[in-house]
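# Here you go, sequence then predicted model.
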Amino acid sequence: MFKIGVTDRLSFFIVGMFYLATTCIGYLVFKKEKELKTLPQVNQKMLIHLVLIQFKPEITSQDFKQITDAAYALQEVPGVSTLNFSENVSPEGFNQDYTHSLTMKFPNAITRDSVYLPHPIHQKFVDLFVPLTEKILVYDFWE
């Protein structure tokens, strides 16, 4: 029969403890990394692009329909999220003749500047939209 000495037992114990510690630490590290990847990016700031609009008095319902459709087509531009085109409903009376707003979010300024602004869909919208407006105010800020 084969005898195992104290040194062999100690060696097996050390190797076993090392293997157990490595497995536990690896599990905890990878579990934490996976949790971080699946967490929603709650603290990630978004760039808000706000356009206030005063349309010309002679705008027709057909023109307005085309503008509305073109505004919502801007959602197709990569990087644009949560687009909203709406009419002012504030009862305060401080709208300074701006009747509508177009609001969208971007993940960063580079997406707004390098993707959205030169994009053909945006350029087509501008060509349709600007001639039908009396005045426009563009205001961008970080959320």
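That came through, no problem.

# Phi first, then psi, for V89.
Per-residue torsions, V89: phi -120, psi 10 (degrees, to the nearest 10).

# burial count for it?
Number of residues near V89 (other C-beta atoms under 10 Å) recorded here: 6. From N, CA and C alone the C-beta is placed, and that goes for glycine too.

# Let me know the pLDDT of it.
The pLDDT attached to V89 in the predicted structure is 95.

# Roughly how far does it sit from F13?
74 Å (C-beta to C-beta, to the nearest Å).

# Could you chop this protein up by domain?
For the chain, the structural domains run 1-39, 47-142, going by automatic domain parsing.

# Out of these, which gets the lowest mean score?
domain 1-39 (a mean of 73).

# Quick check: next helix or strand after the helix or strand where L83 lies?
Taking DSSP states H and E as the criterion, L83 maps to strand 81-87. Scanning forward in sequence from strand 81-87 by DSSP H and E, the next helix or strand is strand 100-106.

# Name the residues of stretch 123-141 that are buried.
F125, F129, L132 (16 or more other C-beta atoms under 10 Å).

# quick one: it to chain centroid distance?
With C-alpha atoms, centre = their mean, to the nearest Å as the basis, stretch 123-141 stands 22 Å off its chain's centre.

# Which SSE is immediately downstream of the host helix or strand of L10?
Element membership of L10 [criterion: DSSP H and E] is helix 6-38. Sequence-wise, the next helix or strand downstream of helix 6-38 (DSSP H and E) is strand 47-55.

# neighbouring contacts of that following strand?
Under the contact criterion C-beta atoms under 8 Å, 6 or more residues apart in numbering, strand 47-55 has outside partners 64, 97-109, 111-112, 116, 132-143.

# The residue nearest in space to the middle of the chain and F18: what is the separation?
Closest residue to the average C-alpha location of the chain: P107 at 4.2 Å, with C-alpha atoms, centre = their mean. Applying C-beta to C-beta, the value for P107 to F18 is 44 Å.
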